[in-house]
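*Asks:* Let me see the structure of the following:
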Amino acid sequence: MGIGTERLKRFVRRARAGERLTIGFLGGSITQGFSASAPVNCYAGRIMTLLADTFPGAELSCVNAGVGATGSYYGAIRLREDLLDHRPDLVFVDFSVNDPGEPRIMEGVRYPDPQKTYEGVLRGILDSVRMPAVIVLNNAFYETGDSTEEIHNAAADHYDIPHVSVRDLILPRIRGGEFTVADLSPDGLHPNDTGHRLIAEELMKPVLECLERLQGEDAGSSGGSGSADGDAADPELPAPFTTDAYEKLRRYDVRSCAPELYGFEADETPQASFADFFKNGWIGRKKGDRLEVTIWGREIAVVYRRTIRRPAPVAELILDEDEAHPIRLDGNFDEEWGDCLYLQPVLTAGETGPHRLRITITEASEEDRECFYLVCFGGQEV
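*Replies:* The predicted structure is shown next:
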């Protein structure tokens, strides 16, 4: 058996033994609970209820690190602070409707392969000190079934991680007439309470199947003690399926980084939750405001806000004094559903080492109602 199966078996043993366990969730807006009537009714809340019913003696706590409109690259960047520092024992991961289907080049900037960034999330979780189990969720658009399920599951299979398909769960029942799209989702993507319930029940199946196997093993031996078996040897983490370049990323914001500020201001306002992400960054307001910082790594990104409250300032990023190839950071968002947490790759598959970033506000006017908000940088751990 592979590392994914063994990790899940150990989690179930510990849950049966009544241990104190932390359940983590990492993903986008569906994980965050968008369109559920209350946090307890989103799939994360429902899984916590199902786990408590299945293992009544266990002491369970929840860390829901879902952040809307974010993919696995930002998930890899924020993985340590938002999830792993809480020492989870079981993690549910879903980025299948937020990751692009293939690498892209936009405005001359190369974006990383989404399978590589997703594998970075899985490896980061599996290689963390608590050695948690992982279950992968693949959400999908209810009308078409579109998702990045195949490329994500290829990485999950490499680590023997169980995965659940909303495409397989929902689409046949819609096409068979059991449900309409409106029965399960207000927009064809974000599930309502019924949709969240169905997803949670499907996600519990790998746990219940593992529990059934262990009960069978107990019955086939001498009755079994049901012990947690927490000291059992853990299988080695396999070699990467694609790369380990995104495994040790980290987030650099005002709590961990001190750029040189020339007009920009540090924002030390405490966050109320994971979703309160326009805090602990840096604010630029006027044309000419500048920030300079050195970030270590071969994969570097900048995360900033794009706002619907237009017009907003526009900035320019220069990497390693390469004036001939500026990267445009546009603070204006053309959608209407809300402000966007936007990740801009700066360096992809570059040379490992220190890299100098210079960000300057290049477009701003007296009519600009909003500041330019720089959320964080992503780079390698030093």
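
*Asks:* Break down the stretch 1-150 of the chain into its helices, ranges please.
*Replies:* Taking DSSP state H, counting those that start in this stretch to define them, one finds helices in the stretch 1-150 of the chain at 3-16, 29-32, 43-54, 72-82, 114-126, 149-158.

*Asks:* next SSE after the last one?
*Replies:* The C-terminal neighbour of helix 149-158 among helices and strands, as given by DSSP states H and E, is strand 163-165.

*Asks:* how about that next one: buried residues?
*Replies:* Judged by neighbour count using 16 or more other C-beta atoms under 10 Å, the buried positions of strand 163-165 are 163-165. Just so you know, the C-beta spots here come from the backbone N, C-alpha and C atoms, and that holds for glycine as well.

*Asks:* wait, which of those residues is closest to Thr117?
*Replies:* Nearest to Thr117 out of these is His163 (C-beta to C-beta; 17.0 Å).

*Asks:* Tell me which of the helices of the stretch 1-150 of the chain approaches Met204 most closely.
*Replies:* By C-beta to C-beta (comparing all of those), the closest turns out to be helix 43-54, at 4.9 Å.

*Asks:* Report the buried residues of that closest one.
*Replies:* 43-48, 50-51.

*Asks:* Out of the residues you listed, the closest to Asp289 would be?
*Replies:* Ala44 (39.2 Å).

*Asks:* Show me what the longest helix seen in the chain is packed against.
*Replies:* Longest helix in the chain by number of residues, with DSSP state H as the criterion: helix 193-220. Using 3 or more C-beta pairs under 8 Å, 6 or more residues apart in numbering; DSSP states H and E, the elements in contact with helix 193-220 are helix 3-16, helix 43-54, strand 133-138, strand 163-165, helix 166-175, helix 181-184.

*Asks:* quick one, the second one and strand 133-138 angle?
*Replies:* Calculated by axes from the mean of the first three to the mean of the last three C-alpha atoms, to 10 degrees, helix 43-54 forms an angle of 140 degrees with strand 133-138.

*Asks:* could you check the angle helix 3-16 makes with helix 43-54?
*Replies:* 60 degrees.

*Asks:* For helix 43-54, C-alpha coordinates in PDB please.
*Replies:* Once non-C-alpha atoms are left out, helix 43-54 reads as follows in PDB (Å, rounded to 0.1, in the frame of the first residue of the first chain):
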ATOM      1  CA  TYR A  43     -19.300  20.600   2.900                       C
ATOM      2  CA  ALA A  44     -16.500  21.200   5.400                       C
ATOM      3  CA  GLY A  45     -19.000  21.800   8.200                       C
ATOM      4  CA  ARG A  46     -21.000  18.700   7.200                       C
ATOM      5  CA  ILE A  47     -17.900  16.500   7.100                       C
ATOM      6  CA  MET A  48     -17.100  17.600  10.600                       C
ATOM      7  CA  THR A  49     -20.600  16.500  11.700                       C
ATOM      8  CA  LEU A  50     -20.200  13.200   9.800                       C
ATOM      9  CA  LEU A  51     -16.800  12.500  11.400                       C
ATOM     10  CA  ALA A  52     -18.100  13.300  14.900                       C
ATOM     11  CA  ASP A  53     -21.100  10.900  14.300                       C
ATOM     12  CA  THR A  54     -18.700   8.200  13.000                       C
END
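
*Asks:* how far is that helix from where the chain is centred?
*Replies:* 20 Å (C-alpha atoms, centre = their mean, to the nearest Å).

*Asks:* who's in contact with it?
*Replies:* Defining contact as C-beta atoms under 8 Å, 6 or more residues apart in numbering, one finds that helix 43-54 is touched by 15, 23, 25, 30-31, 33, 36, 38-40, 58, 60, 62, 64, 66, 92, 137, 191, 196-197, 199-201, 203-204, 207-208, 211.

*Asks:* and if you look at the fourth one?
*Replies:* Outside strand 163-165, the residues within contact range by C-beta under 8 Å, 6+ apart are 135-138, 140, 149, 152-153, 156-157, 199, 202-203, 205-206.

*Asks:* who does the worst-scoring helix or strand of the chain on mean pLDDT pair up with?
*Replies:* In the chain, no helix or strand scores lower on mean pLDDT, DSSP states H and E than strand 105-106, which sits at a mean of 74. Strand 105-106 sits in its sheet next to strand 109-110 (antiparallel), going by DSSP bridges.

*Asks:* So for the strand it pairs with, mean pLDDT?
*Replies:* Averaged over strand 109-110, pLDDT sits at 78.

*Asks:* now that strand, how far from the chain's geometric center?
*Replies:* Chain-centre distance of strand 109-110: 21 Å, with C-alpha atoms, centre = their mean.

*Asks:* try stretch 269-282
*Replies:* Worked out by C-alpha atoms, centre = their mean, stretch 269-282 lies 16 Å from the chain centre.

*Asks:* Okay, buried residues for that stretch please.
*Replies:* In terms of neighbour count (16+ other C-beta under 10 Å), stretch 269-282 has its buried residues at 274-275, 277-278, 280-282.

*Asks:* now stretch 315-329
*Replies:* Within stretch 315-329, the residues that qualify as buried are 315-319, 326-327, 329, counting by 16+ other C-beta under 10 Å.

*Asks:* Next: stretch 294-313.
*Replies:* The neighbour-count check on stretch 294-313 (16+ other C-beta under 10 Å) flags 295, 297, 299-307, 312-313 as buried.

*Asks:* give me the element Arg250 is part of.
*Replies:* Here Arg250 is assigned to strand 249-252, by DSSP H and E.
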